[in-house]
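> Sequence and predicted model, in that order:
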Amino acid sequence: MQDYLTALDTAPEPVPADRRVLAAIGPKMLRLAGDRAAGAIPYLVTPEFTAQARTALGDQPFLGPEMKAVLDTDQARARATARDYLTGYLTLPNYTNNLLRSGSPGRRRGAEPARGRGRELTSGRGPHKSGSYRFRGP
């Protein structure tokens, strides 16, 4: 990846670091995202990962995490929906390793990488920050 970023930097029409973000879920890629890009757009991550990524990146780089949520009042059906969706991802070491690293509560169960129940999804830090989301409600 470092070679690729160097190629972008030295291309006849360079892509400036402030005009690119990296899909980073591992520690090395997060460091690169902070050092050689405008930030990171990690996919299929948890609030715990997001907090760790914000600490690793510092306050300035962009962090746009993509988190999954199932909105369903029936807990068994919600878990089944999550398991069906995650089945393919849980065979990929990059995602499973990241879930294990970030301390996901689903690391042992394999189907619940995030938790929370309620009716209202609110942002804890506002737009363009860490994207730490919490469920509120009954």
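In hand now; what should we look at? The structure presented is a predicted model; accordingly, all values stated were derived computationally and were not measured.
> low-confidence ranges in the protein?
By pLDDT under 70, the weakly predicted segments of the chain are 104-138.
> at 80 instead, please
Scanning the chain with the threshold set as pLDDT under 80 gives 102-138.
> quick one, helices of it?
2-10, 27-36, 47-57, 75-86, 93-101 (DSSP state H).
> how about those helices, which one is nearest residue 67?
Of all the helices of the chain, it is helix 47-57 that lies closest to residue 67, at 7.0 Å by CB to CB. From N, CA and C alone the C-beta is placed, and that goes for glycine too.
> could you say what helices and strands the closest one packs with?
Applying 3 or more CB pairs under 8 Å, 6 or more residues apart in numbering; DSSP states H and E, one finds that helix 47-57 contacts helix 27-36, strand 39-40, strand 62-63.
> okay if I get the ones you listed as CSV plus distance to residue 11 and mean neighbour count?
As requested, the helices and strands packed on helix 47-57 are exported to CSV (distance: least, CB to CB, whole Å; neighbours: other CB atoms under 10 Å):
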stretch, distance to residue 11, mean neighbour count
helix 27-36, 14, 17
strand 39-40, 21, 24
strand 62-63, 22, 22
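> Quick one, which of the ones you listed gets closest to residue 100.
Closest approach to residue 100 among these (CB to CB): helix 27-36, 12.9 Å.
> contacting residues around the closest one?
Helix 27-36 is contacted by residues 1-2, 5, 17, 21-24, 39-40, 53, 56-58, 61, 101 when judged by CB atoms under 8 Å, 6 or more residues apart in numbering.
> Torsion angles phi and psi at the residue lying closest to residue 23 once chain neighbours are set aside?
Distances taken as CB to CB, 6 or more residues apart in numbering put residue 41 closest to residue 23, at 5.6 Å, once the chain neighbours are dropped. The phi/psi pair for residue 41 (degrees, to the nearest 10) reads phi -130, psi 80.
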